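Structure for the following, please:
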Amino acid sequence: MSATPRRTVHRPALVLLVVVLALTALALGWWQWERFSSASGTAQNLGYALQWPLFAGFALFAYFRFVRLETETAGTEPSGATGEGADTPDTGSGPSGTRTGPFAGRRGTPAAAPREIPADFLPERPRAARDDDPALAEYNSYLARLHAADGAAGSPAGPARETERSAG
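Numbers count the residues shown, from 1 in each chain. Have a look, this model is predicted:
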C-alpha cells in the first residue's frame, strides 16, 4: 500500500475573499487609530482601533481552520473502493486502534464512527392525566346527546346556517 500525497486544494475566490476581508479590517483599524490620535478622538475610537485587527486575525484563522477541517474530512470519506487491494491512504494506525498521522483525531484519540443517541437519553414526554370526574363525564355525555339530536332532527329554523360571515 503506497500512500498517495495529499494535495491541498486552494480556492482562489476564497483566498481572495479572505485577503480582502483582512486588508479591509486592518485599514479600518488604521483609520480608527488615526481618528483616536486626532483632537476629537475618543476612547471608543481606541476600542475600534484595537478591535479591527482582531477581526482580520479571525478571518485568517477561519480560513486556515476551514482548510484543515476540509483535508481531515477528505481522508475519512469512503473512496468507493472497498476491499483488500483498494488503494487507501496509510493512516499509520498505532497501538490499540488509535490513529496517527494526517488523519488522526485531536491528541491521538481513536477515530470513532458516528453514534446514535440512546433511546432513553431524553426524558419521556409528559402525558395528559385522565380526569375521572363524574360530573365532567356526565356533562360531556349530555353535550354529545345534544349534538347527536341536533344533527339527526335538523335545525328547527330551516337548513343549517353557515357560521362564517361573508364580506359582501
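
Look at residue 131 and say how many residues are nearby.
7 (other Cβ atoms under 10 Å). Any C-beta I mention is one placed from the backbone N, CA and C, and that applies to glycine too.

Then the one 10 residues further on?
For residue 141, the tally of surrounding residues (other Cβ under 10 Å) stands at 10.

can you give me phi and psi for it?
Dihedral pair for residue 141: phi -70, psi -40, per degrees, to the nearest 10.

what's it in contact with, if anything?
By Cβ atoms under 8 Å, 6 or more residues apart in numbering, the contact set of residue 141 is empty.

if I look at it, how far off is residue 134?
Per Cβ to Cβ, to the nearest Å, residue 141 is found 11 Å from residue 134.

next one: residue 65
66 Å.

Show the average pLDDT along the helix or strand hosting residue 26.
Residue 26 belongs to helix 12-37 when assigned by DSSP states H and E. For helix 12-37, the mean per-residue pLDDT is 94.

which is the next helix or strand following that helix?
Taking DSSP H and E as the definition, the helix or strand right after helix 12-37 is helix 43-76.

Which strands or helices does that next one pack on?
helix 12-37 (3 or more Cβ pairs under 8 Å, 6 or more residues apart in numbering; DSSP states H and E).

how about low-confidence regions in this protein?
Regions of the chain meeting the criterion pLDDT under 70 cover residues 1-10, 76-112, 114, 154-163, 166, 168.

Swap in 50 and give it another go.
Along the chain, the model assigns pLDDT under 50 to residues 80-94, 103.

Mind listing what's buried along stretch 51-70?
Buried residues in stretch 51-70, counting neighbours by 16 or more other Cβ atoms under 10 Å, are found at 52-53, 56, 59, 63, 67.

Take the residues you listed and lay them out in TSV including distance to residue 30.
TSV is the format used below for the buried residues of stretch 51-70 (distance: Cβ to Cβ, whole Å):
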residue	distance to residue 30
52	8
53	9
56	11
59	16
63	22
67	28
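
Between which two of the residues you listed is the distance greatest?
52 and 67 (23.6 Å; Cβ to Cβ).

Residue 143: neighbour count?
10.

what helix or strand is it on?
Per DSSP H and E: helix 134-153 holds residue 143.

With residue 164 instead?
Per DSSP H and E, there is no helix or strand for residue 164.

what does residue 115 give?
Applying DSSP H and E, one finds residue 115 in no helix or strand.

any idea how far residue 70 is from it?
Distance from residue 115 to residue 70, by Cβ to Cβ: 23 Å.
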